[in-house]
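> What follows is a protein structure lacking sequence information:
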């Protein structure tokens, strides 16, 4: 029978073997709350304030040209990636019995996650979306 997960900070403090694990326990609660506001803010702007039928490539280019939108999306990417990766880490710890497999699963998880985060951040910040549109059109895909 699996042990019950801690529900309060005091319970988490009792069962945590290190301060690192306790910090991740707290992070999951805080990031989950932050993600609720970030995701619903994103949905509000892109589905309520703007008619989804009006969203096209030009709309996305104009939105992502604004530094505030880029910062907002970077926070959304950061918290979603860390929250999801930590949840997957918990699952690996819970369901993988062999230590060697657990190690390699986590190496793969962290590597893939780092690549996705770097590519996502580069997509938001490294170039202008006019350049991206020109590149997409040059290969024959109409944005």
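Sure, I can see it. Since we're looking at a predicted model, the values are computed, not measured.

> contacts, neighbours, all on C-alpha from now
Will do.

> Relative to residue 25, how far out is residue 95?
Plainly put, residue 95 is 18 Å away from residue 25 if you go by CA to CA, to the nearest Å.

> That should have said residue 132, apologies.
Counting by CA to CA - residue 132 and residue 25 are separated by 39 Å.

> Give me the more crowded residue out of those two.
Comparing residue 132 with residue 25 by other CA atoms under 10 Å, the one with more neighbours is residue 25, at 19 against 14.

> Contacts only, for the more buried one.
residue 12 (CA atoms under 8 Å, 6 or more residues apart in numbering).

> Which pLDDT value goes with residue 3?
Residue 3 carries a pLDDT score of 59 in this model.

> same thing with residue 7?
Residue 7 is given a pLDDT of 81.

> Use 43 as the first number for this chain going forward.
Let's use 43 as the start, then, which means that last one is residue 49.

> Tell me how many other residues crowd it.
Neighbours of residue 49 (other CA under 10 Å): 9.

> where's it, which helix or strand?
Assigned by DSSP states H and E, residue 49 belongs to neither a helix nor a strand.

> Quick check: it vs residue 132, distance?
15 Å.

> Same question for residue 91.
37 Å.

> Kindly report the same for residue 100.
The value you get for residue 100 to residue 132, if CA to CA is used, is 41 Å.

> Mind checking which of these two has more residues around it?
Taking other CA under 10 Å, residue 100 and residue 132 do not tie; residue 100 has more neighbours (14 against 11).

> Dihedrals phi and psi, that one?
Per-residue torsions, residue 100: phi -60, psi -40 (degrees, to the nearest 10).

> likewise residue 126?
Note on residue 126: backbone dihedrals following degrees, to the nearest 10 are phi -70, psi -40.

> and the lowest-mean-pLDDT helix or strand in the chain, what does it pack onto?
Using mean pLDDT, DSSP states H and E, the weakest-scoring helix or strand in the chain turns out to be helix 171-180, at a mean of 74. With contacts defined as 3 or more CA pairs under 8 Å, 6 or more residues apart in numbering; DSSP states H and E, the packing partners of helix 171-180 are helix 99-106.
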